[in-house]
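A.B. asks: All I have is the shape, not the residue letters:
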């Protein structure tokens, strides 16, 4: 034990001292192809989450009878004095599962395309700006 303490640098009491290392890096280029692939996968996962969430929410609301109540309300509000439907509305078709999930799929597919395109364009714009100003300086430090 005394030999270990004698071999250690003075003031350390035999314990090893680790200093945090730091690295200064510059993010000077982002590959647009990898950004496109990554953003496509992330937006596709978000699309699946959105579609499942809408399907579950639709099922729950249909089970509770919300769509039937709204359909009856719209029908009673648009009904004429003679008992006929003056506006020729079909509110039951508004809430059909095919229509709701179809619009969800359409909106989700549009989001996948737009998010992928905007992220790729953003990477290209970053590369142009990084050529002018040198990019982002990042300091990384090691923790214990």
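C.D. replies: Good, I have the coordinates. As the structure is a prediction and not an experimental result, all values here were calculated from the model.

A.B. asks: Check which helix or strand the residue most central in space within the chain maps to.
C.D. replies: In the chain, the residue lying closest to the centroid (CA atoms, centre = their mean) is residue 46, at 5.5 Å. Per DSSP states H and E: residue 46 is located in helix 32-64.

A.B. asks: avg pLDDT for that helix?
C.D. replies: Helix 32-64 shows a mean pLDDT of 96.

A.B. asks: Give the buried residues for it.
C.D. replies: Buried residues in helix 32-64, counted by 16 or more other CB atoms under 10 Å: 32, 35-36, 39-40, 43-44, 47, 54, 58. (Glycine included, C-beta is placed from N, CA and C.)

A.B. asks: So for the biggest helix by length in the chain, what gets flagged as buried?
C.D. replies: If you go by DSSP state H, the chain has its longest helix at helix 97-133. Buried residues in helix 97-133, counted by 16+ other CB under 10 Å: 100, 104, 108, 112, 115-116, 119-120, 123, 126, 130.

A.B. asks: what pLDDT, on average, does that helix get?
C.D. replies: pLDDT averaged over helix 97-133 gives 95.

A.B. asks: What is the distance between the helix or strand following it and the centre of its chain?
C.D. replies: Where DSSP H and E defines the elements, the next helix or strand beyond helix 97-133 is strand 136-141. Centroid displacement of strand 136-141 relative to its chain, using CA atoms, centre = their mean, to the nearest Å, is 26 Å.

A.B. asks: Give me the sheet partners of strand 136-141 and which way each runs.
C.D. replies: Within its sheet, strand 136-141 is paired with strand 22-27 (antiparallel), according to DSSP bridges.

A.B. asks: Please verify my assumption that residue 123 contacts residue 27.
C.D. replies: No. Between residue 123 and residue 27 there is no contact under CB atoms under 8 Å: 11.4 Å.
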